[in-house]
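Q: Generate coordinates for the sequence data below:
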Amino acid sequence: MLKKKIIGFILILFALNCFAQEPEGWYNGKPVLEIQFKGLENIEASELDEIFKSYKKKPFSDELYWEILQKIYALDYFTDIVPKAIPADDKYQYVFLQFTVKEKPAIKDIIFIGNNNVRKADLLSSIKLKKGDIFNEINVKNAERTLKAFYIEKGFTKAEITSKISEDKEKNSINVEFSVNEGKMSVISKILFEGNSKFPEKALKKVLASKESWLLQKGFFREEALQDDKSAIKLFYGEHGYIDAHVETIKKDIDTESDPQKDQITLTYVIMEGEQFTYTGTDFEGNYIFSTNELSEKIKLKKGDIFNLRKFETGFGDIANLYFENGYTGNYIDKKENRNTSTKEVGYTIIIVERERSHVENIIIKGNTKTKENVILREILLKEGDVFSKTKLMNSFRNLANLRYFSAVLPDVLPGSEPDLVDVILNVEEQSTAGIQFGVTFSGSPDPDTFPMSVFAQWEEKNLFGTGRELSVNVNAASDTQSLILGFTENWFLGKPLSVGFDFSISHKTMYSYQDLNYNNIADPFFTESEFNSNSSLADAFKMKYDKLEFGVGMNSGYRWFPKFAVITLRGGLNFGLVKNFYDNNLYRPVDEKVRKQQERWGLTNSLKVKLSVDDRDITYDPSKGWFLSQEVSFFGLIPKIEDEYFFQSDTKGEFYITLLDYPVSDIWNLKFVLGFYSGFSFQVPLAQQSISFERMLYIDGSFKGRGWVGLGLQGAGTVMQNNWVEFRWPLAHGILSLDFFFDAVAVKKDLNDLKNLSINDYYFSFGPGLRFSIPQFPLRLLLANTFKSENGKPVWGNGKGADWRFVLSFNIPNL
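A: Presented below is the predicted three-dimensional model:
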């Protein structure tokens with residue numbers, strides 16, 4: 001420590017000598033405009049800019065300079081540091097700090113020798129040491145320990161790791177070489193128990209972290225897992241009232257002869273079971289803030305029950321959380337056992353020392369290299385000075401996760417400078433928020449004659465310059481559709497959770513329409529509607545083709561509220577459009593009056609939408625629990641007697657998710673099953689005594705609604721739709737890829753009056769497996785769908801033959 005102070009003092013003297021070349025003392029009190037490092041070779045200047053950005057614009061002083069210098073030395077990146085203060089302007093109003101540095105050697109390569117059973121890529125991913133890092137001997141030693149722990153995790157309990165370095169002084173680089181002596185792998189060949197008279201071996205094996213080696217289970221032996229096994233057995237017995245049960249010893253028999261590649265270990269757990277106890281209740285001491293009844297409700301045990309250790313510990317934790325949730329983070333809470341061995345009864349006294357509520361002293365963000373700090377802070381429901389709330393902290397975590405700016409968000413709470421103060425720490429790891437997508441998708445047209453394939457390209461930045469703004473460009477090109485959409489959204493307008501967005505679109509489409517050359521408002525060649533309904537496929541042969549050109553401008557806004565139970569969002573949008581149809585009216589006459597009008601002149605297509613949603617899903621784009629409800633109303637046609645179409649539309653949606661299983665298989669992967677339900681009801685009502693055009697109707701598109709059903713035409717279109725699905729989801733890589741199994745049921749009716757005739761025969765069913773990608777840059781679903789209907793109570797395949805496993809390409813777009 002003394003040596004560092006002497007060096008620091010010498011450096012300050014040297015720095016002052018450098019500063020003395022300008023007018024004496026000119027820099028004192030002047031704002032620091034920039035901090036620059038010269039001589040960087042391997043270290044990114046942006047990394048240092050991020051570390052020292054907080055010092056910019058602060059007035060220069062000896063204390064500030066000493067603080068900067070200490071931080072530079074703490075980085076341990078440089079062998080030499082030469083400081084210099086430069087006037088940033090002719091009037092000496094600002095200071096420019098320049099540090100000329102010589103870097104320590106950088107790691108050129110990381111080499112492994114002797115790793116016969118573990119891939120180099122796996123070893124590299126397990127350590128924090130990376131190529132290009134500045135060499136630090138402590139980091140190398142830490143890597144040795146990490147590699148040893150990694151090998152032990154893989155069952156190589158006798159593995160030894162050593163390291164050596166070779167330096168190239170000319171290139172100022174170092175190679176790090178790790179020598180691995182793997183030894184033999186240790187696997188568990190058999191698990192036995194002694195002293196277990198109350199429960200069979202099969203039940204006990206299920207709770208162990210250690211597993212026997214067999215076909216699908218590697219059964220690596222880990223010494224530290226034995227302590228977990230002891231705790232698991234004690235808890236298992238405790239759940240059934242055996243509060244004294246414990247593992248007295250674990251015997252290890254090692255077979256080194258049977259397999260030259262492996263040591264086969266037989267584990268024998270010697271158990272002392274003890275007696276079974278019943279529960280006599282819990283008393284409380286020192287509780288004034290919450291009543292005894294309130295606290296007792298947290299323990300889900302009744303007097304006279306067989307004592308359950310897990311339920312009691314869960315209740316004890318819930319009592320602590322009740323205080324924690326309401327800001328009492330500094331309380332002392334402990335429990336005292338009251339046991340009667342003669343009657344085999346046990347109860348507890350919970351002792352509470354209540355202290356003042358804790359307030360948030362500081363909110364500290366770490367790891368944000370791109371995203372502005374205010375963008376993160378505005379999503380945090382806690383503010384400095386607030387009473388601490390665990391619920392608000394967890395909801396803040398959800399808000400940050402749903403931004404999709406970060407691959408990891410790790411909240412933490414640490415003691416502050418006083419006993420009743422806490423610091424909230426948020427460690428974030430940024431990920432790419434820019435996405436460039438190319439692909440092929442189905443256009444979703446209800447017309448069977450429209451080729452449903454299109455090529456699309458999209459560029460989107462969800463966190464523009466780290467400000468949280470969104471910018472997107474979407475291009476779609478196909479034989480029948482070409483479009484361009486530009487969009488921009490400000491998610492926090494005027495510093496409030498108020499979003500404001502704009503978009504512009506232009507599109508050209510090749511469309512098809514039934515003809516009416518007979519001037520009877522019935523599709524040719526029919527003269528009555530009943531004739532058309534009985535043989536609508538014949539009318540397809542008389543369809544005409546026309547081109548549609550459309551321009552659109554949209555504006556939207558939304559506001560969010562954050563009550564404890566969910567996120568409430570109110571959104572609204574206003575869209576203005578110009579549309580023109582092109583065809584030879586000397587040869588063709590569409591049956592749809594709106595198509596004819598928009599051929600004669602440019603038509604207006606304006607709409608107004610309002611949506612209210614309540615969202616309790618844990619993660620919006622890949623939920624595993626929670627629910628979602630929304631109601632949207634839309635008015636199409638806003639200017640009377642000028643527009644070509646006037647109708648009202650309502651969309652009601654609901655989702656529910658539950659986690660069926662969440663079992664930790666390893667430190668980085670859980671076996672998880674999620675069940676999801678969705679139901680939606682939509683209807684349209686024509687206004688101003690006008691019908692709704694075919695292209696505006698609700699329809700089964702085969703990609704999002706009624707997955708697998710394509711080419712239904714008028715059969716799959718109407719003004720009323722009831723859409724349902726159930727999905728069984730198996731996340732293969734959490735937040736990235738999931739294997740799903742879906743079942744869809746969607747029905748379309750002509751109008752609301754026809755809804756009273758809804759029956760199972762009206763539903764279009766589909767089912768099948770699929771892969772669902774949740775990453776922002778690749779939000780696709782790859783599905784295999786089978787379709788069927790019900791006819792008089794009997795299932796009939798959609799193709800009339802059998803299962804066809806039709807490939808469906810869709811998007812993973814969450815309801816918001």
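Q: The host helix or strand of S186: what's the following helix or strand?
A: Element membership for S186, per DSSP states H and E: strand 185-194. Later in the chain than strand 185-194, the nearest helix or strand by DSSP H and E is helix 201-207.
Q: quick one: contacts of that following helix?
A: For helix 201-207, contacts defined as CB atoms under 8 Å, 6 or more residues apart in numbering pick out 191-193, 196, 211-212, 232-233, 235-236, 269. Where C-beta positions appear, they are placed from N, C-alpha and C, glycine not excepted.
Q: now do stretch 49-68
A: With contact meaning CB under 8 Å, 6+ apart, stretch 49-68 is reached by 8, 12, 15, 27-35, 71, 75, 83, 85, 95, 97, 369.
Q: Recalculate using a threshold of 6 Å.
A: Applying CB atoms under 6 Å, 6 or more residues apart in numbering, the external contacts of stretch 49-68 come out as 27, 29-32, 35, 95, 369.
Q: Over to stretch 542-551?
A: Under CB under 6 Å, 6+ apart, the answer for stretch 542-551 is 506-513, 515, 524, 578-583, 588.
Q: sec struct for the closest residue to T489 other than its chain neighbours, please.
A: Excluding the flanking residues, the one nearest T489 by CB to CB, 6 or more residues apart in numbering is G501, at 3.7 Å. Classification of G501 using DSSP: H, G, I helix; E, B strand; the rest coil returns strand.
Q: so the host helix or strand of T249 versus strand 185-194, what angle?
A: According to DSSP H and E, T249 maps onto strand 246-255. On the basis of axes from the mean of the first three to the mean of the last three CA atoms, to 10 degrees, strand 246-255 is oriented at 130 degrees to strand 185-194.
Q: which other helices and strands contact whichever helix or strand comes after strand 246-255?
A: Proceeding N to C from strand 246-255, the next assigned helix or strand is strand 262-272, under DSSP H and E. With contacts defined as 3 or more CB pairs under 6 Å, 6 or more residues apart in numbering; DSSP states H and E, strand 262-272 has these neighbours: strand 185-194, strand 246-255.
Q: Double-check that N761 belongs to a helix.
A: Yes. Looking at N761 with three-state DSSP, it is inside a helix.
Q: still on that earlier bit, so which of the contacts of stretch 542-551 sit within strands?
A: Among the contacts of stretch 542-551, the members found in strands (DSSP state E) are 506-513, 578-582.
Q: that older thread, could you say which of the helices and strands packed on strand 262-272 is packed most deeply?
A: Highest mean neighbour count among these (mean count of other CB atoms under 10 Å): strand 185-194, with a mean of 19.
Q: Show which residues not belonging to that strand make contact with it.
A: Residues from elsewhere that reach strand 185-194 (CB under 6 Å, 6+ apart): 155-157, 201, 204-205, 210, 212-213, 219, 221, 262-270.
Q: Columns neighbour count and pLDDT on top of the ones in strands among the contacts of stretch 542-551, output as a markdown table?
A: Shown next, in a markdown table, are these (neighbours: other CB atoms under 10 Å; pLDDT from 0 to 100):
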| residue | neighbour count | pLDDT |
| --- | --- | --- |
| I506 | 14 | 96 |
| S507 | 17 | 95 |
| H508 | 14 | 94 |
| K509 | 20 | 90 |
| T510 | 15 | 88 |
| M511 | 23 | 86 |
| Y512 | 18 | 85 |
| S513 | 24 | 85 |
| L578 | 16 | 94 |
| V579 | 18 | 94 |
| K580 | 15 | 94 |
| N581 | 25 | 94 |
| F582 | 12 | 95 |
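Q: I'd like the residues you listed written out as CSV, with distance to I352 added.
A: Shown next, in CSV, are those (distance: CB to CB, whole Å):
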residue, distance to I352
I506, 67
S507, 66
H508, 72
K509, 70
T510, 74
M511, 73
Y512, 75
S513, 76
L578, 70
V579, 70
K580, 75
N581, 76
F582, 79
